[in-house]
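Novice: after the sequence you'll find the predicted model.
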Amino acid sequence: MEDRFVVSTDKSLLDIPFIHAFLSQSYWAEQIPIETVARSIEHSLCFGVYEEKDQRGFARVVTDYTTFAYLADVFIDEAYRGRGLSKQLMQHIMAYPQLQGLRSWFLVTRDAHGLYQQFGFSVPENPERLMRIVDMDIYKRAAQ
């Protein structure tokens with residue numbers, strides 16, 4: 001990571017309007033309300049990427065700190081991509097002391113398999129064992 005960028009878990013540094021602006025345009029959280037973003041941050045371990053005081057990236061982990069973690073909402077501002085920031089963010093997340101020794105990590109991605117494979121993520125061997133409930137239009141319906 002370039003020296004001018006840092007990763008922090010200090011929630012007081014998070015720029016919630018910046019995070020919301022990105023997520024509300026993303027394929028996985030289109031039209032998400034800012035209140036939902038704020039609540040998800042409140043109940044997650046969050047990682048911000050900063051250039052001085054300006055936020056350039058974000059990720060959050062939902063975890064019990066003992067057995068599992070779900071990695072969500074990972075992004076780097078489009079203007080700052082191609083500098084290795086997503087890889088450095090993932091290195092910080094995977095090295096975070098309270099996330100060591102977990103039995104399972106999960107994430108959902110459409111297009112970043114190569115990034116996550118570098119950190120040990122893989123397609124499940126037995127996908128028929130996984131079950132989920134997904135409502136991709138929940139935020140769109142709530143906005144109407």
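Specialist: The structure has been received and is ready for your questions. Just so you know, these numbers come straight off a predicted model, no measurement behind them. Residues are numbered from 1 along each chain as shown.

Novice: what residues does the residue nearest to residue 103 when sequence neighbours are not counted make contact with?
Specialist: Of all residues not flanking residue 103 in the chain, residue 67 sits nearest, at 5.0 Å (Cβ to Cβ, 6 or more residues apart in numbering). Quick note: C-beta positions are derived from backbone N, CA and C, even for glycine. Residues in contact with residue 67 (Cβ atoms under 8 Å, 6 or more residues apart in numbering) are 102, 103, 104.

Novice: lowest-pLDDT helix or strand in the chain?
Specialist: helix 138-143 (a mean of 81; mean pLDDT, DSSP states H and E).

Novice: tell me the buried residues in that helix?
Specialist: For helix 138-143, burial by neighbour count (16 or more other Cβ atoms under 10 Å) applies to residue 139.

Novice: how about it as CSV, C-alpha atoms only?
Specialist: Provided in CSV are the C-alpha atoms of helix 138-143 (Å, rounded to 0.1, in the frame of the first residue of the first chain):
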residue,chain,number,x,y,z
ILE,A,138,-35.8,-5.4,-0.8
TYR,A,139,-34.3,-2.0,-1.0
LYS,A,140,-36.0,-1.1,-4.3
ARG,A,141,-39.4,-2.0,-2.8
ALA,A,142,-38.7,-0.1,0.3
ALA,A,143,-37.9,3.0,-1.7
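
Novice: ok, longest helix in this protein?
Specialist: helix 85-95 (DSSP state H).

Novice: ok, residues contacting it?
Specialist: Counting by Cβ under 8 Å, 6+ apart, 1, 5, 7, 47, 49, 56-57, 59, 61, 71, 74, 76, 99, 112, 115-116, 118-120 sit against helix 85-95.
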